[in-house]
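Novice: My questions concern the predicted model and sequence given below.
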Amino acid sequence: MSIVPAKSRNARAFTLLEIMLAVGILAMMAMAIYRFVQSNVTALRLSAETTAADAQYDAFREFLTAQLQSLPGGSGALGGDTLKVNDRSRDELRWTTSAGPGVLTRYAGGDYIVTLRLLPESEKSDVLDLGLSRKQKTDSALSEIQDSWVPLLQNVRGIQIRYFDPRVNVWLPRWSDTITLPRLVRVVIERNDSTAPWEAIIALGRTPL
């Protein structure tokens, strides 16, 4: 039976410094993995939010296209004014429509004047929503208190609407012609969730470009 010298036994053990170094390395690896996972989760969340917002704008384009392409000419069915508040474009677009899903309830009667406009989320809020303000065409009241409001897009900074008149071949800032409709309507929306503005050009009456 041999006896292992004490010096040989001590050489096989880990020193406190080595243990502390190993723990430090493991901690740094765990922190790196945590930051990697956290950054990927954040990127996925932002991507999902962006995708959802883009889907809302795509749905808004389809809705507005369907509404404007169904307008009859020669009846003053479309109008628009150019507005600006605090150096931000807040143009408005108005059209006349009968009751139907998407704009009003299908069970309502008569014609309605629908205005696409910006409104603050609340009285003391600086955040703007883009939506529809609706009132009966026969309502002669100047107050907007009786108007019903349907928000469509949230967190919008500004909106610019232009109308293309082929008779003069230019984009006009407002439309007041009660006989004819513009050939094209261009809507540009300044988004708070994107540096690039959103833009859509809608051909009325399914007029080919």
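Specialist: Received, thanks.
Novice: For the helix or strand hosting Met20, enumerate the helices and strands it packs against.
Specialist: Met20 is part of helix 16-69 when elements are defined by DSSP states H and E. Judged by 3 or more CB pairs under 8 Å, 6 or more residues apart in numbering; DSSP states H and E, the packing partners of helix 16-69 are strand 92-98, strand 148-165, strand 184-191, strand 198-203. Bear in mind the C-beta positions are built from the backbone N, C-alpha and C, glycine included.
Novice: between those strands, which one is nearest to Ala52?
Specialist: strand 148-165 (11.3 Å; CB to CB).
Novice: can you give me the angle the closest one makes with strand 184-191?
Specialist: On the basis of axes from the mean of the first three to the mean of the last three CA atoms, to 10 degrees, strand 148-165 is oriented at 130 degrees to strand 184-191.
Novice: after strand 148-165 comes which helix or strand?
Specialist: Using DSSP H and E, the helix or strand that follows strand 148-165 towards the C-terminus is strand 170-172.
Novice: Mind listing residues that contact that following strand?
Specialist: 162-165, 182, 186 (CB atoms under 8 Å, 6 or more residues apart in numbering).
Novice: at 6 Å what do you get?
Specialist: 162-165 (CB atoms under 6 Å, 6 or more residues apart in numbering).
Novice: starting at the chain centroid, how far to that strand?
Specialist: 25 Å (CA atoms, centre = their mean, to the nearest Å).
Novice: Direction included, what does it pair up with?
Specialist: strand 148-165 (antiparallel) (DSSP bridges).
Novice: and the strand it pairs with with strand 92-98, angle?
Specialist: Going by the same axes, to 10 degrees, strand 148-165 makes 110 degrees with strand 92-98.
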